[in-house]
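> The sequence and its predicted three-dimensional model are supplied below.
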Amino acid sequence: MIEITDSKYAVVVAVAKRARVLSEERKDKEDYRLSSMVTDALDDVLDGRIKILVDPVKEE
């Protein structure tokens, strides 16, 4: 997972956002389960279908 980004927080946020999108798309389907959305979202990140962009912290 380090190859994706150095920030574990960024991975968690990206997976959560992707799972939210997937759940909105699939909420009317009969086999809707939130846990499967999270698994699918994590697979998307690990397979490179979703890219994580981290903005550098701006110093003042």
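Cool, the structure landed.
> report the longest helix in the chain, please.
For the chain, the helix that runs over the most residues, judged by DSSP state H, is helix 8-26.
> State the mean pLDDT of it.
In this model, helix 8-26 has a mean pLDDT of 89.
> So for that helix, what gets flagged as buried?
10, 11, 14, 15, 18, 19, 22, 23, 26 (16 or more other Cβ atoms under 10 Å). All C-beta atoms are positioned from the backbone trio N, CA, C, and that covers glycine.
> What of stretch 26-37?
26, 37.
> Other residues contacting that stretch?
Here stretch 26-37 makes contact (Cβ atoms under 8 Å, 6 or more residues apart in numbering) with 19, 22, 23.
> From these, pick the one nearest residue 45.
The shortest gap between residue 45 and any of those belongs to residue 19, at 10.2 Å (Cβ to Cβ).
> Could you pull up the residues touching the closest one?
Residue 19 neighbours (Cβ under 8 Å, 6+ apart): 34, 37, 38, 40, 41.
> Can you tell me the closest non-neighbouring residue to residue 6?
residue 54 (7.8 Å; Cβ to Cβ, 6 or more residues apart in numbering).
> From residue 4, how far out is that neighbour?
To residue 4, residue 54 is 10 Å away according to Cβ to Cβ, to the nearest Å.
> ok so, going back, what about the longest helix of the chain, distance to the chain center?
On the basis of Cα atoms, centre = their mean, to the nearest Å, helix 8-26 sits 4 Å off its chain's mean C-alpha point.
> related to what we said a few turns ago, and of the buried residues of helix 8-26, the nearest to residue 49?
Residue 49 lies nearest to residue 18 out of the buried residues of helix 8-26, by Cβ to Cβ, at 9.0 Å.
> Who are the contact partners of the closest one?
Going by Cβ under 8 Å, 6+ apart, the list of residues near residue 18 reads 41, 44, 45, 50.
> ok, and the most crowded of those?
Using other Cβ atoms under 10 Å as the neighbour criterion, residue 41 leads the contacts of residue 18 with 22 neighbours.
> And what about that one, helix, strand or coil?
helix (DSSP: H, G, I helix; E, B strand; the rest coil).
> Then residue 32?
Residue 32 falls in the coil class when you classify it by three-state DSSP.
> and the most centrally placed residue in the chain, how far is that from residue 30?
Geometric centre of the chain, nearest residue: residue 15, 1.8 Å, by Cα atoms, centre = their mean. Note on residue 15: its distance to residue 30, by Cβ to Cβ, is 24 Å.
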